[in-house]
Each structure stands twice: as structure tokens, then as C-alpha cells.
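S.K.: How does the following fold in three dimensions:
(chains A and B)
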Amino acid sequence: MNRAAHRLRALFVILSTAFMAAALVLPALGGLVLSFDSHGPSLHNYRALAADRMFWRALINNLIVPLGSLAIELVSGLALALTLSARRRPGAAVQVAAILPFAIPEIVILTLARYVFMPRGYMNAALGLAGIHALGWLTPGSLLSLLTVIVVDAWHVTPVVMLILIAGLQTIPEELYEAAQLDGAGTIATFWYVTLPMLAPAMVGAVVLRGVDALRIFSTTLVLTGAEGVPVLSTYAYQLWSDAREPREAMAAAMVLAILVTVLGLAGLALGRRWSAEAPGKEAIA
Amino acid sequence: MIAWPLAMLLALAAMLAGCNRTSSSNDELTIALAIYPSEAERYRSFASDFEAREHVQVRIIAQTYNDILQVLKVQARARGGGLDLVELDLAMLGVSMGDVAPLDAIVPPQARRLFPAAAWQAGSAGGKLRFVPHRLMWQAMIYNRIEVPHPPATWNELALFARAHPGKFVLKAARYEGAICDVMPFVWSAGGGLCSPDDAGSVRAMDFLGGLAPFLNPESAVFREASVLEAQARGSVWIHFNWPFAIGYLQSKGLAPSVDMSAPLPAGPDGMATPLGGGYLGIPISAPHPALAAKFIKYLLNPETQRRLSHDLGWYGSVAPEPGSEEAQLYAGYTAMRPYVRARPAVDCYTQLSNRWQSTIRAVMIDHQPAAAALAGLAAQLEVKSDARSDNLNERCGCASVPP
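M.R.: Just a heads-up that it's a prediction; the model follows:
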């Protein structure tokens, strides 16, 4: 590599590092300092959060909603991926229907979901036609509203998991299936001893990627239930910043979320690596 | 080979240099208003008369109240900036009084008649006028005239209605300023106040609301102006309190006056009250063109200009609709509430005061805590004593114990 190329490479490294520092590290550090500021260095903002019932609701929801959403996404994403990559593939209409929730802009899909689940929405109208009482799908603080948020969040992001898993399925060598067939393995055994272990890295990737993303859930709860209906940490921080005009407390809440995402993200990655190494059937393939 | 990176660096340097420069000419008035882009177009058109008269150009910057407040604070600290006039929400005036210039010399005595006395008091601090009302509004009751032919006129009638029709009455109890605007009419009309949470009137009002809580629409916990209005339009809700824009929205949907109308807020033991809201204009202490900004304020404080402002922008402002007109019928509730307008206190710690009240309101109405205990807790937080009497509003509101 000649000297000019070295210089060019150094320049690009410096530029990108400077950009990262200016756009990410410095604001994050500024936010961290702000979260400990209350007319001087203090833990006041974190104490204020701890004394607020809404914060604890937001923290608990911030664990329940991503977990529920991720479980649904993984199961339905895998089912869709297996269906769409099967030898007898379904028609284009099914493929379009599978990808559509992700293709439509998020705000549009969430507004549609709100019209579906609101008190006089399409879902209750359908229940009414069937002679069933209307349900409070979005009633603030109810278990049903929590489930509605989980299902809607899972629904519009499942195609992401599905696409990752389809890509993973395409990397599995066809010979493995032929060998399993020769050994007389049935559909379930083939899935358990061939597909699942070979798909493990893609599943780990999907879980970590979507898990981290799901922890930062914001628009789904805000559009469906408002900041107070099913609060999560990001909507809670937004409400503190926007409505309560308490930027320091908002930043403290954002820092709690950042810690949560980092810790759970790294833990998920470590567990995922371990799981993909010990996936069932690994030995059988080996 | 390194020509491209160098070119990029030069371009970046040029952009940064460009960012540092503020354009400010003597014949341009820059106003930051919290309006939608479509409203900004109409406002520009409205201001063209002033432009022609003064041979200046009016530049409208449409932003949110929060952003305007932040820029005002930065401009005040930097002792420089580009804004000549800023519009702030009434709830933000307390924290901004020191960032704007006094306006007493600008406002002629006859202009004081344009707005209720409470509106002028809200823009004043330390005996000096700092903000002038720009577009005022207050709340009235929006009711479904088909389902509720006789809207409740008193607390008792409201309680009877709520019990007879559970879920059809709403109070906005989300954690935001709207909760204060819905609850304060009750507190005021019982003789209580924002700065006297342990006062007998405040306790009586919150007791009454606590009694209504089980019959409120369950979405009261999250409803805000727009969402509750949508619920009213869909028929899920029959009665709620809202600002004049609600009537315009319902009219645009073909629901007013055929289905929905406005009525006065229910009267309590001490009569009626409604919260004053809306935007106020102030001249930043470091405005580049303060004289031009003063001229624009004088231009605004004129009955004819006010009439045009209401007409062109569709704002229910200082000019009441012509008696007998369709507007008079639609806005009857708002017109009836005009004498009962009350301003929230423009104190330094208003944000904190409001936030603590919001938590108390939710404690009583959503978490069903006893009103007296919740309010006693609030008074203890604010270190407010009901017998405290001081000329200083900040002291009366407990701002010493709640640094802004």
C-alpha cells in the first residue's frame, strides 16, 4: 500500500471517528451529565424517578412488551419463513400479505391499528355483529391493552424476523435434507435435527437485533394508548421532556433505558452464542 | 487522489462558516409563532397589511412553544439572536418574564379593553407588563345535543348525568397541562386555587371529582384535546371540556351545530370559572429590531386588526361573534364564559407546580386516593400554608421550596 493510500485511509478513519464523537459520544455524555444535574451534581433526578409510580410501570412494561412481542415474532416469523421457503411456495398474494405490515410506514399501520382497536373501532364492530360485547382493547392500564400493544408491535415487525430467517434457511445445504431423508427422518425430526440447529445463528441474530429494537419501543404504545396508557421508558422520558418540561428527569429515564438495552443486549448476545453452540442436533449433524 | 477528501473538508468548512452568520436586515421583522405551516401562510397574508404600511418584511417562523421557549432562553443568555417577537403559551410566561422587555409604554390604555383583566394580569410580573395577549381562548363544555338535550349547568346536574351515563363524560387526566385546565374550573368555582391546595375549596372540588371518577370514561387517563375530540365526534363521549378549536373541528365534520354544541362549564358553589389559554407575544431583551416589534404589537392591539385576526385565522379571540350569526350559535358556550375567565398564576415555578398538581389529580381520579390526603401531601411538598398571605405571588405559590 503506498503512502497516499495510507493517508487516505487515515483521513477516512479520522473523519468517521470525529463524526461518531460529535454525533453520538458527545451528546450521550452531555445527556449523562444532565441526568445527574439538579442545580449542581446530584442524584435528585433518579430519586424523582424512583418516587414516581409511572416510572415503575414503564420499567416493568419495558420488559414485558418486548419479551411478549419477541416471542410472537419469533414463532410467527419462523412459521412464515418456513412456509415461504418451502418447495411448494404459496402464491404472490400470501408473500405480499406477509411482507406488507413492514412495508407500510409505521405511523400509517399504527393509526390503522388504533382505528381497529379503539372503543368504537372495527374490532368491536365485528364483535357486535357476532353478538359479543365490546371489549376495552385499549383501556388504559388494563391487561388487555398490554396484550393489544404486544400483538400490534409483533404484527408489524414480524416480517423483519421472517426475512432474516428466510436468509438463514437459504444457507442450509440441500444435501443435509437429502441425507436426513435417506436416514428415514420425518418432517419433525428433520426440522428438529437439521433446520433448527442450522438456523440457530440466524435466529440468534434475529433475537438480538429485534430484542434490542423492541426494548426501544416507542411509537406503538404512544399511538395506540398514549403516553400514560401502556407507558414504556421511552414514552415516559418523552412525556417528561415534552409535557412536564423536565429535561433532566427525562434524561435520567433515557439513561435507565440505555443501560437496560446495553445490559440485556449483551446478555442476549452471550446467551445466543451459547445456545447456537449447544443447539439440539448439533452433534447429530457433526 | 486526496483531492476529493480535501474538497469535502473545504465544503464542510464553508458550511460551518455559513452557519455562523445570522442574516438580519433593518427592514425585516422576525416572529416565532407556535402555529401550523398552513396557519403560517394565512398569518403571512394577515401581516401583509403591516408590511405595506411600514415598508418592512415580516418573517414568520412556525415552531412549537417548547422550541420557541428554548430559543428565547438561548437568545437571552447569548445577548444576541434573530427573533424580534416570540409567542409563548400562557403556562410558560412565568419562567420567561426576565427574558423579555417591558411593554407598558407600548400598550395604549384603550387596548386594555380588548382582553379580560385576567389576561393582562397573566402577562405581568412585578407590576410590569411583559407579554401581550396574542390569541386568547378559554374552555367551554362540548356536548352532544341529541343525547344530552339539557347540558348540566351545575355540579349537581353534572354528577347526576355522570351517574346516569357512565363513561359518557370525560375529564382529560393525562399527565399534561390539559389536566390542570379541566380540573381548575372546579377548584376555582369552589373557592380553591392552584397555589392553595389545602384550602377548603380545593379539597371540596377534588372530593367532588373523586366522587365522579368511577363514572368517567376509562380513557380519561390518556385523553388529550385532540383524542377526546375524536371520541366526541365518534359518539363515544357525550360531554367534555375543550378549547374553541373543537367547535371548528366538529363543524368541519358536519357535526356542529347539528349534533355537537358548546355550553358554559357547570357552576360550582362559588359560581363559574374557566381557564384562560393561548399564546402571548413578547419582545426578547436582545431582539435585533425592538422598535419594529413594538410597532407590530401596537398594530395588533387594535379592534379592527383583532377582528381581522379572528376572521382570517379562525381564532376565537378578543372579538365575540356577531349576535344572531351562526358563529354566535356555535360559540355560545365560549361567549357565555367570557366573564368567568381565570388565569393560571404566572410564577417562576409554574412548571413544577403544575406537574405536582397533575400527579395529585391522577392520584385522586385514576388511583382513587382520598382527595384531602392527596392535597395535604401536595401542600406539604410545596410548603404552602393555607394561612400564608404574602404580596409576592411566587412566595404564595411555594416557589421558594420548588426551585425552577
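
S.K.: So for residue 96, what's the pLDDT?
M.R.: Picked chain A for this. On the pLDDT scale, A:V96 is placed at 80.

S.K.: Switch to chain B, please.
M.R.: On the pLDDT scale, B:S96 gets 92.

S.K.: got it, and B:Y249?
M.R.: 92.

S.K.: secondary structure class for it?
M.R.: What DSSP: H, G, I helix; E, B strand; the rest coil gives for B:Y249 is helix.

S.K.: for the closest residue to it other than its chain neighbours, what are its contacts?
M.R.: Counting by CB to CB, 6 or more residues apart in numbering or on different chains, B:L229 is the residue found nearest to B:Y249 once chain neighbours are left out, at 5.8 Å. Where you see a C-beta, it was placed from the backbone N, CA and C, and this is true even at glycine. In this structure, B:L229 makes contact with B:142, B:240, B:242, B:246, B:249-250, judged by CB atoms under 8 Å, 6 or more residues apart in numbering or on different chains.

S.K.: one more time with 10 Å
M.R.: B:142, B:223, B:237, B:240, B:242-243, B:245-247, B:249-250, B:253, B:260 (CB atoms under 10 Å, 6 or more residues apart in numbering or on different chains).

S.K.: And the strands in the stretch 1-150 of chain B, which stretches?
M.R.: B:28-33, B:57-62, B:85-89, B:124-125, B:128-129, B:132-138, B:140-144 (DSSP state E, counting those that start in this stretch).

S.K.: Check which helices and strands the fifth one sits against.
M.R.: Okay, so that is strand B:128-129. Strand B:128-129 sits against no helix or strand, with contacts defined as 3 or more CB pairs under 10 Å, 6 or more residues apart in numbering or on different chains; DSSP states H and E.

S.K.: tally of neighbours for the one residue in the stretch 201-350 of chain B that gets nearest to chain A?
M.R.: Residue nearest to chain A within the stretch 201-350 of chain B: B:V222 (3.5 Å; CB to the nearest CB). When neighbours are counted by other CB atoms under 10 Å in any protein chain shown, B:V222 registers 26.

S.K.: Touching, B:Y249 and B:L330? I think so.
M.R.: No - with contact defined as CB atoms under 10 Å, B:Y249 and B:L330 do not form a contacting pair (11.5 Å).

S.K.: tell me which element the closest residue to chain B within chain A is part of?
M.R.: Using CB to the nearest CB, the closest approach of chain A to chain B is made by A:G226 at 3.5 Å. Following DSSP states H and E, one finds A:G226 within helix A:219-229.

S.K.: then that helix to CSV, C-alphas only?
M.R.: Output of helix A:219-229 as CSV, limited to C-alpha atoms (Å, rounded to 0.1, in the frame of the first residue of the first chain):
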residue,chain,number,x,y,z
SER,A,219,-44.4,4.8,18.6
THR,A,220,-46.5,1.6,19.1
THR,A,221,-47.5,2.5,22.7
LEU,A,222,-47.7,6.2,22.0
VAL,A,223,-50.0,6.0,19.1
LEU,A,224,-52.2,3.1,20.4
THR,A,225,-52.6,4.1,24.1
GLY,A,226,-51.0,7.5,24.7
ALA,A,227,-48.0,8.1,27.0
GLU,A,228,-50.0,7.0,30.1
GLY,A,229,-52.0,4.0,28.8
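
S.K.: List the buried residues for it?
M.R.: For helix A:219-229, burial by neighbour count (16 or more other CB atoms under 10 Å in any protein chain shown) applies to A:220-229.

S.K.: Can you name the next helix or strand after that helix?
M.R.: Heading C-terminal from helix A:219-229 (DSSP H and E), you reach helix A:233-242.

S.K.: before we move on, the earlier item: hmm, the residue of the stretch 201-350 of chain B closest to chain A is touching A:M118, no?
M.R.: No - look at B:V222 against A:M118 with CB under 10 Å: they stay out of range, at 11.7 Å.

S.K.: Chain A contacts on the stretch 201-350 of chain B?
M.R.: B:217-224, B:227, B:230-231, B:234-237, B:350 (CB under 10 Å from any CB of the partner chain).
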